[in-house]
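Colleague: Any chance you can model this:
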Amino acid sequence: MQTKTLKLFVDAHPMDNEYQGVYTFIKGLYSALLQDYPQLDIYFGTTYPEKLQRIFPQVKSDHILQYRKVQPAVLRYLTEIPQLMDKYRFDFAHFHYIIPPRRHGCRCIVTLYDVVFNDYAKYFPLLYRKSRHILFGESVKSADIKTTISDYSRGRIAEHYNIDPQNIHVLPIGVDTPVNLNGKQNDLSQLIYTKYGINNFILCVSRVEPRKNHELLLKSYLELGLYKRQISLVFIGKKSIAVKSLRALVENLSANQKKYIHWIDQVANEDLSAFYSTCRIFVYPSIAEGFGMPPLEAAIHGAPVLCSSATAMQDFDFFETGLFNPANGEELTRKIETMLTNPPGRDFLDQLAKKIRATYNWQQSSKAFYNLLVST
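Modeller: Numbering: from 1, shown residues only. Now for the predicted structure:
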């Protein structure tokens with residue numbers, strides 16, 4: 001019996017902007033769906049069709065629907081997107097955080113990635129918290145299919161919005177296979193040194209905002225005096241929300257300390273892979289995450305990882321002694337010194353990477369997503 005073609009619309013506007021977790025989710029999930037489920041007739045909505053076409057070259061241009069540029073962008077949920085739903089008569093429409101109030105017979109899917117703004121209110125502005133709590137809550141409660149990215153987020157969403165957890169489906173983020181850099185460790189180290197002037201370094205990849213806890217790592221680095229041992233500290237990630245205490249700490253650094261501390265907004269995927277592959281340690285000190293992708297990415301590149309054990313990252317028990325309490329600076333300082341002095345062996349790192357690839361992959365999440373479509 002031939003499977004019915006399902007017409008699916010994807011609100012891909014998060015891919016219009018900087019690279020972040022939602023971008024990773026859309027790219028990974030829909031790359032797998034396009035490859036493995038040709039019976040899905042998938043359309044994408046975006047402000048920049050050319051950019052999306054580069055991400056999904058297999059998608060026909062008439063399946064990429066261009067949004068008008070409107071401010072605030074949330075207005076498109078009131079007019080433009082409902083008009084597209086009416087015109088194309090989609091079976092399903094997949095949104096991120098917010099769904100439109102008018103649906104024209106289309107069944108709506110929402111992925112709500114986290115509600116950390118509710119649980120960690122002090123790290124977010126008041127208007128940001130209140131507006132998102134209302135919009136996200138109304139959307140997830142009224143969606144036909146409710147999804148999120150971790151068991152932790154499912155539990156928190158269920159509690160905040162009084163939803164049965166069994167009605168919230170988890171689609172874990174997959175960890176992509178490392179970019180093939182065609183280089184040995186020494187060559188990659190030379191690449192980083194030639195391009196960025198950096199070698200012998202500890203790495204942290206994360207947007208800069210209060211809950212990401214960069215300050216804890218910087219304080220541990222300074223307490224250990226690692227700059228005196230010519231060990232650099234590299235932060236990769238754009239500044240999203242100002243962190244006054246972090247800025248004050250940075251401004252008080254000596255010239256010699258600043259020489260070993262590097263802040264990089266963004267790097268190409270190939271360079272990020274090289275950074276992951278050649279760091280002495282990868283450290284992720286975040287206080288609150290709906291998932292926590294960077295430590296997994298670092299691990300599949302073979303990097304020794306120290307990872308916060310808070311919120312969704314409590315599921316990463318495979319890091320074993322590499323987990324730490326992000327409220328405990330002494331613990332992090334001690335574990336950095338221990339890992340520098342006695343790093344984990346290659347066998348452990350290889351087995352860890354293998355386990356992460358088996359647990360977090362897009363084939364499993366795309367299969368679960370497809371099964372939700374055909375059973376709804």
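Colleague: Run through the chain and note the low-pLDDT ranges.
Modeller: Applying pLDDT under 70 to the chain picks out residues 1-3, 18-19, 179-183.
Colleague: let's see 80
Modeller: 1-4, 17-20, 102-104, 177-186 (pLDDT under 80).
Colleague: which residues of it fall in strands?
Modeller: 6-11, 40-46, 64-66, 92-96, 107-111, 145-148, 168-170, 201-205, 232-236, 261-264, 281-284, 305-308, 323-324 (DSSP state E).
Colleague: Would you reformat these as JSON lines and include mean neighbour count and distance to Ser220?
Modeller: No exception for glycine: its C-beta is placed from N, CA and C like everyone else's. JSON lines is the format used below for these (neighbours: other Cβ atoms under 10 Å; distance: least, Cβ to Cβ, whole Å):
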{"stretch": "strand 6-11", "mean neighbour count": "22", "distance to Ser220": "40"}
{"stretch": "strand 40-46", "mean neighbour count": "20", "distance to Ser220": "41"}
{"stretch": "strand 64-66", "mean neighbour count": "17", "distance to Ser220": "46"}
{"stretch": "strand 92-96", "mean neighbour count": "23", "distance to Ser220": "35"}
{"stretch": "strand 107-111", "mean neighbour count": "21", "distance to Ser220": "34"}
{"stretch": "strand 145-148", "mean neighbour count": "24", "distance to Ser220": "32"}
{"stretch": "strand 168-170", "mean neighbour count": "18", "distance to Ser220": "33"}
{"stretch": "strand 201-205", "mean neighbour count": "24", "distance to Ser220": "9"}
{"stretch": "strand 232-236", "mean neighbour count": "21", "distance to Ser220": "9"}
{"stretch": "strand 261-264", "mean neighbour count": "16", "distance to Ser220": "13"}
{"stretch": "strand 281-284", "mean neighbour count": "26", "distance to Ser220": "8"}
{"stretch": "strand 305-308", "mean neighbour count": "26", "distance to Ser220": "10"}
{"stretch": "strand 323-324", "mean neighbour count": "24", "distance to Ser220": "10"}
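Colleague: Present those as TSV; the columns should include distance to Ala158.
Modeller: Shown next, in TSV, are the strands of the chain (distance: least, Cβ to Cβ, whole Å):
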stretch	distance to Ala158
strand 6-11	23
strand 40-46	28
strand 64-66	33
strand 92-96	19
strand 107-111	14
strand 145-148	9
strand 168-170	6
strand 201-205	30
strand 232-236	34
strand 261-264	38
strand 281-284	26
strand 305-308	23
strand 323-324	25
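Colleague: ok, Pro100 to Tyr48 distance?
Modeller: Between Pro100 and Tyr48 the computed distance is 21 Å (Cβ to Cβ, to the nearest Å).
Colleague: Could you chop this structure up by domain?
Modeller: By the assignment in automatic domain parsing, the chain contains the domains 6-174+361-375, 185-359.
Colleague: Give me the number of neighbouring residues for the closest residue to Gln314 other than its chain neighbours.
Modeller: Among residues not flanking Gln314 along the chain, Tyr152 sits closest, at 6.9 Å (Cβ to Cβ, 6 or more residues apart in numbering). Residues near Tyr152, counting by other Cβ atoms under 10 Å, number 23.
Colleague: Isn't Tyr152 up against Ser309?
Modeller: No. With contact defined as Cβ atoms under 8 Å, Tyr152 does not reach Ser309; the gap is 11.6 Å.
Colleague: And Pro100 and Tyr48? Which one has more around it.
Modeller: Applying other Cβ under 10 Å to Pro100 and Tyr48 shows that Pro100 carries more neighbours, namely 22 against 17.
Colleague: Might you report the residue contacts of the nearest residue to the more buried one once chain neighbours are set aside?
Modeller: Among residues not flanking Pro100 along the chain, Tyr77 sits closest, at 4.2 Å (Cβ to Cβ, 6+ apart). Counting by Cβ atoms under 8 Å, 6 or more residues apart in numbering, Tyr77 makes contact with 98-101.
Colleague: Now with 10 Å, please.
Modeller: Residues in contact with Tyr77, defined by Cβ atoms under 10 Å, 6 or more residues apart in numbering, are 11, 95, 98-102, 135, 139.
Colleague: quick revisit: ok, now how distant is the residue nearest to Gln314 from Phe136?
Modeller: According to Cβ to Cβ, Tyr152 and Phe136 sit 16 Å apart.
Colleague: Equivalent analysis for Tyr284, please.
Modeller: Distance from Tyr284 to Phe136, by Cβ to Cβ: 25 Å.
Colleague: Just the CA trace of stretch 200-215, in CSV.
Modeller: The C-alpha coordinates for stretch 200-215 follow below in CSV (Å, rounded to 0.1, in the frame of the first residue of the first chain):
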residue,chain,number,x,y,z
ASN,A,200,48.1,25.2,24.0
PHE,A,201,44.6,26.2,25.1
ILE,A,202,41.5,25.5,27.1
LEU,A,203,38.2,26.0,25.1
CYS,A,204,34.7,27.2,25.9
VAL,A,205,32.1,27.5,23.2
SER,A,206,28.9,29.4,24.2
ARG,A,207,27.0,32.6,23.7
VAL,A,208,28.0,35.2,26.3
GLU,A,209,25.1,35.9,28.7
PRO,A,210,24.8,35.6,32.5
ARG,A,211,23.5,32.0,32.8
LYS,A,212,26.4,30.7,30.6
ASN,A,213,28.7,31.3,33.6
HIS,A,214,31.9,32.4,31.7
GLU,A,215,33.0,34.2,34.8
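Colleague: ok, back up a step: so which of the strands of the chain gets nearest Pro343?
Modeller: Across the strands of the chain, Pro343 has its closest neighbour in strand 281-284 (7.7 Å, Cβ to Cβ).
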